[in-house]
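Participant: requesting a structural model of the entry that follows:
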Amino acid sequence: MRAESFIAKRLYFSPKGGKEASRPAIKIALAGIIIGVAVMILTLCIVVGFKQTITQKIAGFGAHIQVTSFENNNTYELSAIEVTDSLMEQLASIPHIRSAHRFLTKPGILKTDDAFRGIVLKGTSYWDYFDDNLLCGTVPRTEQQVLVSKQLADWLHLQVDSSFYCYFVGERLSVRKLCVSGIYTTGFGEFDGLFVLGQEQTVRRLNGWSDSLASGIELLVDDWTYLDETADRVYFATVNNPQEDGTVYCTQTIGQLNPQIFAWLDLLDMNVIVIILLMLCVSGFNIVSGLIILILDSVGLIGMLKAMGATNRFVRRVFITQAAMLVGKGMLWGNVIGLALALLQYLTHWIPLDAATYYVSYVPMAFPVWGLVLLNAGTMALSVFILLAPSAIVTKISPAKVLQFG
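Facilitator: Next comes the predicted model:
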């Protein structure tokens, strides 16, 4: 063990270390570090949780990547594209594609005895997301069954097994009597209030399309970090294979389909940066004040070490090491408190939110391992760097004066 580390540990762990006047100040500095680290950890967990939860909700309705006709003009009355089994197999074989499925959409008007509402009937074979968000009932098993959101059910006074008529306007007016097989909720009002989910064949019959036609293809990826790369692969796999009628495939990612929502999520990243910088400033102030107190509290020791031949550099390392131990203790307790609160919220959802404003009914939590590791490593490195400047006070202490007046 190096001599400066040995001295620093003896000072730090000594039960008599520190004068009565300096102990409260050291405790306040330690508390500031603990609170700063805990707040930074909670901020990171909350923002990553928000982004993951919102992304999952949007992907549940529209997947990570969509392939549609290039002629569509951002409406839900999508032009038909040829979706052959060979094309589906080709897309499913692209690296990082978790699943690929067809979907069909048809705008219409849902009417009950006392209310009506404009909706989009979506035919799909992918039910995993809605299975996880079912409040009651089951996913559709027949062409006459559909899944409606709790928001629509409340507006139109529907419940499981309720029947209603849906009107669709195309080349001719079509009417279908449908039955509610289940009610779901995601908290994402923009989609919950719009989509009614049914079987592919239900919408296919309404559109009069053959089995090889669909409104588009929805693709889910297994790793979000490869989304753009995977979308490029999908683009090159489809753009060079136009349909016989000249229709060109259009590939869009979830971010391109919902730019306003992802712009809002990007603003959260800026909030994280601001909060972390503020907490680092507060923690840095506490660290500097703590080091200064440690040095002033040990002036006699500094004079004695210098009188015995210790260099300024040696003495500075003693107090930097001691202060680093204080920072380490603060970071340890900050991690324990921050992660404990995050885990408590993750398990119990005890802090609620207004789902109409935030798209979720509780504060979501995530635990990005590498993000937490980098946060702690960066905080420790920055703290040690900050300690270099105030430790220069050691060089101003004269051993002769200390011993003369000590």
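
Participant: do a quick rundown of the helices in the stretch 251-400 of the chain.
Facilitator: 254-257, 259-297, 299-307, 312-348, 355-358, 369-387, 399-405 (DSSP state H, counting those that start in this stretch).

Participant: with distance to I35 and mean neighbour count as extra columns, can I get those in CSV?
Facilitator: To be clear about C-beta, it is placed using only N, CA and C from the backbone, and glycine gets the same treatment. Below are the helices of the stretch 251-400 of the chain laid out as CSV (distance: least, CB to CB, whole Å; neighbours: other CB atoms under 10 Å):
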stretch, distance to I35, mean neighbour count
helix 254-257, 35, 18
helix 259-297, 8, 16
helix 299-307, 30, 18
helix 312-348, 7, 19
helix 355-358, 25, 13
helix 369-387, 13, 15
helix 399-405, 35, 12
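
Participant: could the ones you listed be laid out in a markdown table, adding distance to L134 and mean pLDDT?
Facilitator: Listed next are those as a markdown table, based on distance: least, CB to CB, whole Å; pLDDT from 0 to 100:
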| stretch | distance to L134 | mean pLDDT |
| --- | --- | --- |
| helix 254-257 | 23 | 88 |
| helix 259-297 | 24 | 82 |
| helix 299-307 | 68 | 74 |
| helix 312-348 | 22 | 88 |
| helix 355-358 | 17 | 78 |
| helix 369-387 | 31 | 88 |
| helix 399-405 | 75 | 59 |
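
Participant: turn these into a markdown table, including distance to R172.
Facilitator: Shown next, in a markdown table, are the helices of the stretch 251-400 of the chain (distance: least, CB to CB, whole Å):
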| stretch | distance to R172 |
| --- | --- |
| helix 254-257 | 30 |
| helix 259-297 | 36 |
| helix 299-307 | 94 |
| helix 312-348 | 52 |
| helix 355-358 | 38 |
| helix 369-387 | 56 |
| helix 399-405 | 100 |
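
Participant: so which of these is nearest G62?
Facilitator: In terms of CB to CB, the element of these nearest to G62 is helix 254-257, at 5.9 Å.

Participant: restrict stretch 280-299 to CA atoms and write it as CSV.
Facilitator: Presented in CSV, the C-alpha positions along stretch 280-299 are these (Å, rounded to 0.1, in the frame of the first residue of the first chain):
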residue,chain,number,x,y,z
LEU,A,280,-22.8,17.6,-11.0
CYS,A,281,-22.4,21.3,-10.2
VAL,A,282,-24.1,20.8,-6.8
SER,A,283,-22.1,17.7,-6.1
GLY,A,284,-18.9,19.3,-7.3
PHE,A,285,-19.5,22.3,-4.9
ASN,A,286,-20.1,19.9,-2.0
ILE,A,287,-16.9,17.9,-2.9
VAL,A,288,-14.8,21.1,-3.1
SER,A,289,-16.1,22.4,0.2
GLY,A,290,-15.6,19.0,1.8
LEU,A,291,-12.0,18.9,0.7
ILE,A,292,-11.3,22.4,1.9
ILE,A,293,-12.7,21.5,5.3
LEU,A,294,-10.6,18.3,5.4
ILE,A,295,-7.5,20.3,4.7
LEU,A,296,-8.2,23.1,7.2
ASP,A,297,-9.1,20.5,9.8
SER,A,298,-5.7,18.9,9.3
VAL,A,299,-3.3,21.9,9.2
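
Participant: what does that stretch contact?
Facilitator: Residues from elsewhere that reach stretch 280-299, judged by CB atoms under 8 Å, 6 or more residues apart in numbering: 11, 18-19, 22, 25-26, 28-30, 32-33, 35-37, 40, 302, 319-320, 322-323, 326-327, 330, 379, 382-383, 386-387, 389-391, 393-394, 397, 402, 406.

Participant: let's see that with 6 Å instead.
Facilitator: 18-19, 22, 25-26, 29, 32-33, 36, 319, 322-323, 326-327, 383, 386-387, 390, 393, 402 (CB atoms under 6 Å, 6 or more residues apart in numbering).

Participant: with stretch 156-168 instead?
Facilitator: With contacts defined as CB under 6 Å, 6+ apart, stretch 156-168 is touched by 106, 108-112, 115, 117, 136-137, 174-180, 206.

Participant: from S149, how far out is D192?
Facilitator: Going from D192 to S149 by CB to CB, to the nearest Å gives 4 Å.

Participant: who's more crowded, the two?
Facilitator: Between D192 and S149, counting by other CB atoms under 10 Å, S149 is the more crowded of the two (27 against 22).

Participant: can you list the strands that the strand ranked longest in the chain pairs with?
Facilitator: Scanning the chain for the strand with the most residues, using DSSP state E, yields strand 97-111. Here strand 97-111 has these sheet partners by DSSP bridges: strand 116-124 (antiparallel), strand 163-169 (antiparallel), strand 216-221 (antiparallel).

Participant: buried sites along whichever helix or strand comes after the longest one?
Facilitator: With elements assigned by DSSP states H and E, the helix or strand that comes after strand 116-124 is helix 128-132. Under the neighbour-count criterion of 16 or more other CB atoms under 10 Å, helix 128-132 has 129-130 buried.

Participant: beyond helix 128-132, next helix or strand please.
Facilitator: Sequence order places strand 134-137 as the next helix or strand after helix 128-132, per DSSP H and E.

Participant: returning to that earlier point: output the longest strand of the chain as CSV, nothing but the C-alphas.
Facilitator: Provided in CSV are the C-alpha atoms of strand 97-111 (Å, rounded to 0.1, in the frame of the first residue of the first chain):
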residue,chain,number,x,y,z
ILE,A,97,-36.1,-8.7,-38.1
ARG,A,98,-38.0,-10.4,-35.3
SER,A,99,-41.4,-10.7,-37.1
ALA,A,100,-43.1,-9.7,-40.3
HIS,A,101,-46.8,-9.6,-40.9
ARG,A,102,-49.4,-8.1,-43.3
PHE,A,103,-51.9,-5.5,-42.2
LEU,A,104,-54.9,-3.9,-43.8
THR,A,105,-56.8,-0.7,-42.9
LYS,A,106,-60.2,0.7,-43.8
PRO,A,107,-61.6,4.0,-42.4
GLY,A,108,-65.2,4.0,-41.4
ILE,A,109,-67.9,5.2,-39.0
LEU,A,110,-68.8,3.1,-36.0
LYS,A,111,-72.5,3.6,-35.0
